[in-house]
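Novice: how would this look folded up:
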Amino acid sequence: MTNALFFKLKLSSLALLTFLAFSSTGYTSELVAVQLGAAKDNTLYESTTGTISNGAGSYFFAGKTATGKIRRAVIAFDIAGNIPTGATVQSVALALHMSRTVAANENIALHKLTADWGEGTSIAAFGEGMGAPATTNDATWLHQFFDSIFWTTSGGNFNPSASASTTIGGIAFYNFGSTSQMVADVQDWLDNPGNSNGWILIGSEDTTLTAKRFASKDNANETSWPELSVTYLPPPCCIGLRGDFDGDGDNATFLDLDYLVDYIFRGGPVPPCPEEADINNDGRISTALDVTILIDVLYRGGAAPDACP
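Specialist: Here you go, the predicted structure:
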């Protein structure tokens, strides 16, 4: 480093101390909200042969038909592909559009699936309530993936405890959640993407004429598509060294001090990560204490700041 640069930084640091003795900047982690469309959805049509599905259909179903056949919908979302690793999920809500029914108010519950499943190219005719011949990798009443991988229990493998439930009446949009279990489900799918199998919708199955039809992700009307709303706290961005203002991997250097001076006095870029600019880890950045520590390191041989936790 040249003497001129050293002198400039020293003067800048003294001015910085004077300025920061009377001001400081706090930082907080703010909630982020995202809306996700379904990655896949399908219907498990009760069948002794397990050859019926509707992987690319416009609708999925939950409940029991007039002929006494059970319908269960399965739906999953790409959580890890849309929420950063290390984030903390705060709330979760699933919005579905119910488009046809002959039933009155019926309870529909979400259960966390414990096995993966597929979505083929099958498309049912007419109102889609009877399904269509399953195609390769379709989920069916018997299969996770038609026609080679089977559920251990016909009708799907899922947690017996509901993650959420709601009463479904006439044609309208309906919301599930946010519940603590839905939050836990999505957090698990984020932390362990291999578990991200989604939910199964279980309707009233004790009596007939309870089935409800919902718009799928393949419906022609985009406004009726399933939507998962998630709010989360971003992961802590302190991944390097405290005092590494410029993000070059070296902490408490003259370049870091110059970066901070440029930020405060000349409108330069903000530190890439507030936590890394919080040298003394008190929850506030750009304070007199932070800069005092930095100057002590640079000019008086003080100990360098600790690494981020």
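Novice: look up how far Leu44 lies from Ser154.
Specialist: Noted for Ser154: a distance of 9 Å to Leu44, by C-beta to C-beta, to the nearest Å. All C-beta spots, glycine's among them, are computed from the backbone N, C-alpha and C.
Novice: wait, Trp189 touches Gly81, no?
Specialist: No - here Trp189 does not reach Gly81: they are 10.6 Å apart, not a contact under C-beta atoms under 8 Å.
Novice: who has more neighbours out of the two?
Specialist: A side-by-side neighbour count of Trp189 and Gly81, using other C-beta atoms under 10 Å, places Trp189 first with 22 against 10.
Novice: ramachandran angles for that one?
Specialist: With angles defined as degrees, to the nearest 10, Trp189 sits at phi -70, psi -30.
Novice: in contact with it, which residues?
Specialist: Trp189 sits next to 77, 79-80, 195-196 when contact means C-beta atoms under 8 Å, 6 or more residues apart in numbering.
Novice: ok, it to Ala124 distance?
Specialist: Distance, Trp189 to Ala124, using C-beta to C-beta: 28 Å.
Novice: now for Ser154 and Leu44: what residues contact both?
Specialist: Taking C-beta under 8 Å, 6+ apart as the contact rule, Ser154 and Leu44 both touch Trp141.
Novice: could you report the neighbour count for Thr167?
Specialist: So Thr167, with other C-beta under 10 Å, has 10 neighbours.
Novice: hmm, I typed the wrong one, I wanted Thr253.
Specialist: By other C-beta under 10 Å, the residues close to Thr253 number 19.
Novice: same check, this time on Pro160
Specialist: 7.
Novice: likewise for the one 5 residues further on?
Specialist: With neighbours defined by other C-beta under 10 Å, the count for Ser165 comes to 16.
Novice: tell me which residues touch it, please.
Specialist: Residues counted as contacts of Ser165 (C-beta under 8 Å, 6+ apart) are 107-110, 176.
Novice: can you give me the helices for the stretch 201-309 of the chain?
Specialist: Secondary structure of the stretch 201-309 of the chain by DSSP state H, counting those that start in this stretch: the helices cover 254-265, 274-277, 288-300.
Novice: quick one: mean pLDDT for the last one?
Specialist: Read that as helix 288-300. On average, the pLDDT along helix 288-300 is 74.
Novice: comparing Ser154 and Leu44, which shows the higher neighbour count?
Specialist: A count of neighbours by other C-beta under 10 Å puts Leu44 above the other of Ser154 and Leu44, at 31 against 17.
Novice: are we agreed that that one is in a helix?
Specialist: No - using DSSP: H, G, I helix; E, B strand; the rest coil, the assignment for Leu44 is strand, not a helix.
Novice: excluding residues flanking it in the chain, which one is nearest it?
Specialist: Of all residues not flanking Leu44 in the chain, Arg72 sits nearest, at 4.4 Å (C-beta to C-beta, 6 or more residues apart in numbering).
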